[in-house]
Structure formats: structure tokens, C-alpha cells
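Take a look and give me a structure for this.
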Amino acid sequence: MKNLTELLEATAALHRHLCPRQVLGVRMGMLAGQLLALDLPQPNKRLLTIVETDGCFADGVAVATNCWVGHRTLRVTDYGKVAATFVDTRTDRALRMAPRQDVRTVAARFASAATNRWETQLLAYQAMPDDLLFQVQAVTLLDSIKKLVSKPGQRVNCVQCGEEIINERGVLRDNQIWCQACAGQGYYHPLAEVALPVIDLSN
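You can find the predicted model right below:
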């Protein structure tokens, strides 16, 4: 397991700086490894992490756990919260973590040399004990691990738009598979197809 300094250096390299939310993400990931008795950053795909915001915090979590969107072990459910749920996919045990509500007030006790609030958080979040930094809840996921992870390699075409759907993310309606957008669960509303320039590849 890498230590805090090594993990902070790794996440700082992604952003060319270190910020308080990166520290929270790294510390949270490290604590998840302790509580779930997992060797993190993980060498496999046993841990699934769901972060509740994107940005620096998510990268801190990713560096500490080795859960990444590209590995299909990191999911972003954007609630705008600096929080994450860590799931052991072998045992189905899930822990949700978030900073304690008074964490910014308590931080002042751990960074007396800081010159401003941002620096106070940056330094204190590295030094504070876990029990003063985080609240941890055991949770049950609304969807099963099997459904969340799905089966890679599964492919089907949407009956409406014809686009390919992978990882069992289609919607079954009237015994036919629809993509989520065509089923009315999309994040966009289609307008018109954009004409692309024609390129002659014969030369």
C-alpha cells in the first residue's frame, strides 16, 4: 500500500497542484481500504467506487483506490457532494463516506500555521484523524452489484435509433430493447443531425 505522501504526489501530478478536495479523496480511499480490508490501490477490479461529484475529489479517490472510469470500477453519480460509496464486489459490503459537517471548523486546530482558510483545509485534512474527518455509513445499494457491473461484451442495437448499446444498459419495453435516450431516460433532447464535410479518401 502506498503512503499518504506518495498518493498526494500522484494526484497532484494529474492537476499540477494539490487542493483540499484531492486530499479528502485520497484520505477517503485509504480509509476504505482499511475498513474493507482491501489492499489499495487495488491490482484488480474487486473494489467498485461510486463518487458523488466529479473534479479533483474524484481523482483523489481514483489515485488512492485505482478505481477508474476506464476500468469500469469508478462511477460518477453527480449529486454535487464530496462523498463516495466503496463496494467490495465479492462480499457486497458497501460503505458511504463524507466529510463531517463540522470539518472546516475543526480543521483550524490542526493547521495553526496556515495563513488562510484554503491553506488551513489543505494542511489539516492531511493531519486530522479519520474519526474527526469523516462520517461513515454502511449502506445497501438500490441496484445489485451484478446489475451495476453488468456483463462486458454484451451488444444489442436500439430498436428505435439503431445505435449499439453495450454493457446491458438497454431498456426492455414491449419485448424490445431501447436505448435509454429513446426510452425517455436520456440526458439530451435530439434536434437535427449535423452535416459533416465530405472528405475524399481516394487520394
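
Show residues contacting the lowest-mean-pLDDT helix or strand in the chain.
Taking mean pLDDT, DSSP states H and E as the measure, the helices and strands of the chain show their lowest mean at helix 145-149, namely a mean of 82. By CB atoms under 8 Å, 6 or more residues apart in numbering, the residues outside helix 145-149 that reach it are 48, 72, 75, 87, 89, 92, 141, 168. All C-beta spots, glycine's among them, are computed from the backbone N, C-alpha and C.

Same check on stretch 134-141?
27-28, 31, 35, 85, 87, 93-100, 148.

Taking the contacts of helix 145-149, tell me the two that lie furthest apart.
Maximum pairwise distance among those (CB to CB): 18.7 Å, between 92 and 168.

Counting neighbours, go ahead and name the busier of the two.
For residue 92 versus residue 168, neighbours defined as other CB atoms under 10 Å are more numerous around residue 168 (16 against 12).

now that one: how far from residue 142?
For residue 168, the distance to residue 142 (CB to CB, to the nearest Å) stands at 17 Å.

ok, now residue 187?
Using CB to CB, we find residue 187 at a distance of 19 Å from residue 142.

now, the most widely separated pair of the contacts of stretch 134-141?
The distance between the two most remote of the contacts of stretch 134-141 (CB to CB) is 27.6 Å, for 100 and 148.

Double-check residue 157 against residue 165; I have them as touching.
Yes: the pair formed by residue 157 and residue 165 meets the contact definition of CB atoms under 8 Å, at 7.0 Å.

Now the common contact residues for those two.
Taking CB under 8 Å, 6+ apart as the contact rule, the neighbours common to residue 157 and residue 165 are residue 177.

Quick one: the helices in the protein, in order.
4-15, 20-36, 56-65, 103-107, 117-127, 130-133, 145-149 (DSSP state H).

so which of the ones you listed gets nearest residue 175?
Closest to residue 175 of these is helix 145-149 (CB to CB; 19.7 Å).

nearest to residue 16, of the contacts of stretch 134-141?
residue 27 (20.5 Å).

And for the closest one, the neighbour number?
Using other CB under 10 Å, residue 27 has 24 other residues around it.

Tell me which residue is most central in this protein.
The centre of the chain sits closest to residue 51, judged by CA atoms, centre = their mean, with a distance of 3.4 Å.

Got the domain ranges for this structure?
Following the assignment in automatic domain parsing, the chain carries domains at 4-148, 150-185.

and the longest one, how far apart are its ends?
So that's domain 4-148. End-to-end distance for domain 4-148, by CA to CA, to the nearest Å: 30 Å.
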